[in-house]
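1. my questions concern the predicted model and sequence given below.
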Amino acid sequence: MDYTQLAQKYGTPLYIYDFDYIKNRYESLKNEFIARKSLICYAVKANSNLSLLKMLCDLGAGFDCVSIGEVKAALFVGAKPYKIIYSGVGKSELEIKAAVNLGILMINIESPSEMLLVEKTAKELNKKVNISIRVNPNIDPKTHPYISTGLSENKFGVGIKDAKNMYLYCKKSEFLEPCGIHFHIGSQLSDISPIIEAANIVSDLVSELQAAEIDIKFFDVGGGIGIRYKDENEPNLYEYAQGILSALKGKDMTIVCEPGRFLVGNGGELLTKVIYQKIGQNGKKFIIVDGAMNDLIRPSLYQAHHEIITPNLSDKSKFELCDVVGPICESGDFLAKDIKLPELKDGDLLVVKSAGAYGFSMSSNYNSRPRAAEIAIENGKDRLIRQRESFEDLIKNQREFV
Ligand SMILES: *Cc1c(COP(=O)(O)O)cnc(C)c1O
């Protein structure tokens, strides 16, 4: 890839997505479930660029949404309502009302109080709503604590026993139709055995529900498949799929999975440019670049590691230890710490790898910085899929000041 040309054409910092790679990831996961009915619902929060959503929609993907905004974005690119799932611990009454009216595949309920509110809303609208319940199987996914979601101490879902009682309630309700069962135990899992373990626990619950004549069609295993940022092992997709299929032995259910990071993480890069270099008072070298924590917060938020490469340097012999930092007024504003980079000049380009998931979608305008542009590479051609923000964008929602 000619990064110099892309930087000239679109400016930096710049998100670059390889759509061909993302398509391949989708197809490879879909193919693992070929023997069964399955629906791959892309987790929109990982990267909600509309062109990306459209591309996945055209491949047949469904969408896992965690706000009504994401539901609307999926519909906006042409997704069928019956391929949209809506999850989240804190859906407001207005959001629930909108979701019921839109007639999506299922509302994924995360607490008894939410269930009652969904029922009340459905009754007011005189509609029967398809629901699933998010079960928290209390399994340690062995990932970063901020992205672990399937332990009883986490805020997500309900315990097995509560879930059963909720399904029994739904069965009697005129307005709630038990349609799916769901779990999502965490993100960036390199070892998928906790997912398989969870699948077995939840499958046992399905058996109990079947005995109570509650017939659930969709078995939703959530997302969480890890990717390689540095030296992590990527889970084996065959083992992942086979583990789930064997947990479902004897059950005629459609498998739903909700990959986010797996599909897009390594399909994206953040291109950034060196502004200055300086030596700190303790002798530490700082590479100051034009990308910052407002563009990519993962290093600051999760101590996440992103490889950084120097695409255009011919002499890569002299390596120096340095921190790659942004212009934001926070000591936590860094893209990498204590990494070795070849000797750089001001104006050189750096590529931050594996930035396709939870990169742009977690970006902000902190320090009144306009958010970056995004481009897609498809069939060897680049195109702009989101314009860089301007000063006018930053202030457009503010009203008269006194
Ligand atoms: C975040 C999330 C996902 C996607 O997680 P990844 O680790 O990116 O695959 C899937 N399902 C739910 C409910 C989520 O909250």
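-> Done, it's in. Please read these numbers as outputs of a predicted model, since none were measured by experiment.
2. phi first, then psi, for the residue nearest the centre of the chain.
-> With distances taken as Cα atoms, centre = their mean, Ala46 lies nearest the centre of the chain, 2.5 Å away. When read as degrees, to the nearest 10, the backbone of Ala46 gives phi -60, psi -40.
3. quick one: it and Glu258 touch, right?
-> No. When contacts are counted by Cβ atoms under 8 Å, Ala46 is not listed as touching Glu258 (9.8 Å). Every residue, glycine included, has its C-beta placed from N, CA and C.
4. and the stretch 201-350 of the chain, which of its residues are near the ligand?
-> Counting by Cβ under 6 Å from any ligand atom, the stretch 201-350 of the chain comes close to the ligand at 222-225, 258-262.
5. can you tell me how far Ala79 sits from the ligand?
-> 16 Å (Cβ to the nearest ligand atom, to the nearest Å).
6. can you get me a residue count around that residue?
-> 24 (other Cβ atoms under 10 Å).
7. skipping its backbone neighbours, what lies nearest Pro112 in space?
-> Met166 (6.2 Å; Cβ to Cβ, 6 or more residues apart in numbering).
8. sorry, back to before: Serialize the residues of the stretch 201-350 of the chain next to the ligand to a markdown table and add fields for secondary structure and neighbour count.
-> As requested, these are exported to a markdown table (DSSP: H, G, I helix; E, B strand; the rest coil; neighbours: other Cβ atoms under 10 Å):
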| residue | secondary structure | neighbour count |
| --- | --- | --- |
| Gly222 | coil | 29 |
| Gly223 | coil | 26 |
| Gly224 | coil | 30 |
| Ile225 | strand | 26 |
| Glu258 | coil | 27 |
| Pro259 | coil | 25 |
| Gly260 | coil | 24 |
| Arg261 | helix | 24 |
| Phe262 | helix | 31 |
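9. can you add pLDDT and distance to Ala79 and give those residues back as JSON lines?
-> Conversion of those to JSON lines gives the following (pLDDT from 0 to 100; distance: Cβ to Cβ, whole Å):
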{"residue": "Gly222", "pLDDT": "97", "distance to Ala79": "19"}
{"residue": "Gly223", "pLDDT": "96", "distance to Ala79": "17"}
{"residue": "Gly224", "pLDDT": "96", "distance to Ala79": "22"}
{"residue": "Ile225", "pLDDT": "96", "distance to Ala79": "21"}
{"residue": "Glu258", "pLDDT": "98", "distance to Ala79": "14"}
{"residue": "Pro259", "pLDDT": "98", "distance to Ala79": "16"}
{"residue": "Gly260", "pLDDT": "98", "distance to Ala79": "16"}
{"residue": "Arg261", "pLDDT": "98", "distance to Ala79": "20"}
{"residue": "Phe262", "pLDDT": "98", "distance to Ala79": "19"}
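10. and the residue nearest to the centre of the chain, what pLDDT?
-> Note on Ala46: pLDDT of 98.
11. check the one 5 residues further on too.
-> Model confidence at Ser51, expressed as pLDDT, equals 98.
12. what does Lys318 give?
-> 86.
13. repeat for Thr143
-> Confidence score, pLDDT, at Thr143: 71.
14. can you check Gly88 too?
-> 92.
15. and Phe156, by the same measure?
-> 84.
16. so what's the residue nearest to it when sequence neighbours are not counted up against?
-> Nearest non-adjacent residue to Phe156, counting by Cβ to Cβ, 6+ apart: Thr149, 4.6 Å away. Thr149 is in contact with 136, 141, 156-157, 184-187, counting by Cβ atoms under 8 Å, 6 or more residues apart in numbering.
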